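1. here is the input, now give the coordinates:
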Amino acid sequence: MAEDSHTTPHGRKRRAAHTPELRIVLDTNQLYTGSASDLLRPELAQLVQDCRRHHDVTFVWYIPEVVRLERRFQMLKAGRELLPSILKLERLLGHGLAITDEILVERVNAAIQRQLATFNVQILPIDTNRVDWPRLIEDAAGRQPPFEAGKDEKGFRDALIAETFVQLVGNSPKSPTTCRIVLVTSDGLLATTVEMRTSMAANVRILRSLDELRILINTVVGDVTEEFVKSIQEIAKGCFFIKDNQNSLYYKAKVADQIISRFDSELKTRPVGSEVRKNGTWLLSAPRFINKKGQRIHWVSTILVEARATRNETYNSSLADAILGNLFSNKPPKASLTSKSPFGFYSSIPDDLSVQVSPLSGFITGDKAFEPKHETRELVVAEGQSVFEVHWSVTVTKSGKLVRPSIDDILFKETTWAGGPDT
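-> Numbering: from 1, shown residues only. Take a look at the predicted model:
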């Protein structure tokens with residue numbers, strides 16, 4: 001970012017005299033929606049904090065005004081869902097806690113302002129006088145991006161985010177060596193819209209994830225160019241992992257074995273209410289560039305271990321279970337009509353199956369005697385994943401080859417569950 005028109009061998013940048021600026025705009029999907037109280041999700045908050053250590057680049061973080069309003073709505077909705085419980089608690093205690101909707105709105109607004117100040121995130125307003133409303137109306141009616149092509153029009157908030165970002169680009173310096181403007185969004189229609197609207201700007205980037213943003217930041221503050229990182233990233237990917245290739249670093253360093261032995265307890269954690277955790281597929285991300293020190297290039301490869309948490313539940317078989325059990329027993333019933341429907345059920349009850357329910361015992365009798373049974377079935381409590389980071393490095397030769405790869409460290413990051421709370 002701070003380079004002049006020339007770069008040194010291996011992508012090293014020549015520093016300009018001024019401090020370049022990286023302006024980063026965050027879409028709603030980059031904020032934290034898993035909590036009623038947090039404005040930013042933990043990994044984003046950590047990234048913002050980490051960027052404060054770099055003094056050769058000025059980082060400016062933005063949230064469009066419409067994104068702030070959307071996050072405010074989410075936080076208020078979560079808070080209002082708790083109000084009935086507070087009313088019950090007041091009745092139980094016989095004491096009013098004086099928590100009203102007005103107080104909730106006031107405190108949520110204060111929480112947002114406090115966190116904006118903590119992370120030094122600026123609200124990016126939209127100048128409604130500069131919006132081409134006739135074009136926006138036509139795009140909405142014609143379902144042009146970022147509006148979704150469906151029966152109902154969806155995408156007005158995304159359209160306002162696009163307008164806000166385009167206005168920021170228009171108000172910013174044009175040279176990439178002075179300023180770069182980035183939109184981070186996982187919304188494909190919004191990304192497409194902004195890419196079309198800013199296609200002539202040389203200093204605009206549209207990124208789909210925080211991982212892509214980390215790569216950009218690392219190249220900006222590192223001693224390499226983005227072009228250099230892109231040129232060797234695919235080679236680095238093969239250097240770390242090629243399926244069944246024992247010469248790739250993943251197999252040579254026995255990364256899976258190291259994770260299993262070093263993080264046994266982390267791989268066994270399960271959510272409350274479950275009895276068993278079963279680990280499934282291991283997923284590997286493409287390597288993410290960290291930095292370059294001399295001829296040594298440092299990367300991070302993320303490994304996700306998918307998991308399922310279950311518990312066994314005992315239940316009594318019902319009358320319906322008994323009937324279906326007879327219908328689908330291994331011994332074919334002697335039926336007058338035994339043809340099956342497309343769903344596999346018999347089209348009539350066999351003639352020789354006379355079902356009787358004893359008013360005293362509740363047992364079912366027929367060709368076979370059925371009794372309610374205590375049976376056990378496995379219930380899925382939650383599905384989740386454990387995240388590990390493999391830090392590794394490799395030497396780049398003068399000819400651009402990557403040699404002598406090695407593992408620097410393996411870190412456990414977190415385990416998250418969908419459908420159940422973390423333990």
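2. show me where pLDDT drops low in the protein?
-> Counting by pLDDT under 70, the chain shows low-confidence ranges at 1-18, 32-36, 153, 222-223, 315-374, 419-423.
3. which strand runs longest in the protein?
-> Criterion DSSP state E: the longest strand present in the chain is strand 374-396.
4. mind listing what that strand pairs with, with the direction of each?
-> The strands that strand 374-396 pairs with in its sheet are strand 296-316 (antiparallel), strand 402-418 (antiparallel) (by DSSP bridges).
5. how about that strand as CSV, C-alpha atoms only?
-> The C-alpha coordinates for strand 374-396 follow below in CSV (Å, rounded to 0.1, in the frame of the first residue of the first chain):
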residue,chain,number,x,y,z
HIS,A,374,-38.6,-49.3,27.1
GLU,A,375,-36.5,-48.3,24.2
THR,A,376,-33.6,-46.0,23.8
ARG,A,377,-33.0,-43.5,21.0
GLU,A,378,-30.2,-41.1,20.3
LEU,A,379,-31.0,-37.4,20.2
VAL,A,380,-28.8,-34.8,18.7
VAL,A,381,-28.4,-32.0,21.2
ALA,A,382,-26.1,-29.7,19.1
GLU,A,383,-23.8,-29.6,16.2
GLY,A,384,-20.6,-27.6,16.2
GLN,A,385,-17.0,-27.3,15.4
SER,A,386,-13.6,-26.9,17.1
VAL,A,387,-11.2,-24.4,15.5
PHE,A,388,-7.5,-24.9,15.5
GLU,A,389,-4.8,-22.7,13.9
VAL,A,390,-1.6,-24.2,12.5
HIS,A,391,1.2,-21.6,12.4
TRP,A,392,3.9,-22.6,9.9
SER,A,393,6.6,-21.0,7.8
VAL,A,394,8.6,-21.7,4.7
THR,A,395,11.7,-20.2,3.0
VAL,A,396,11.3,-18.6,-0.4
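6. how far out from the middle of the chain is stretch 386-404?
-> 26 Å (CA atoms, centre = their mean, to the nearest Å).
7. first-to-last residue distance for that stretch?
-> 29 Å (CA to CA, to the nearest Å).
8. report the buried residues of that stretch.
-> 386, 387, 388, 389, 390, 392, 393, 394, 396, 402 (16 or more other CB atoms under 10 Å). Any C-beta I mention is one placed from the backbone N, CA and C, and that applies to glycine too.
9. any chance of those in CSV, plus distance to residue 148?
-> Below are those laid out as CSV (distance: CB to CB, whole Å):
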residue, distance to residue 148
386, 34
387, 31
388, 36
389, 35
390, 38
392, 41
393, 44
394, 43
396, 45
402, 43
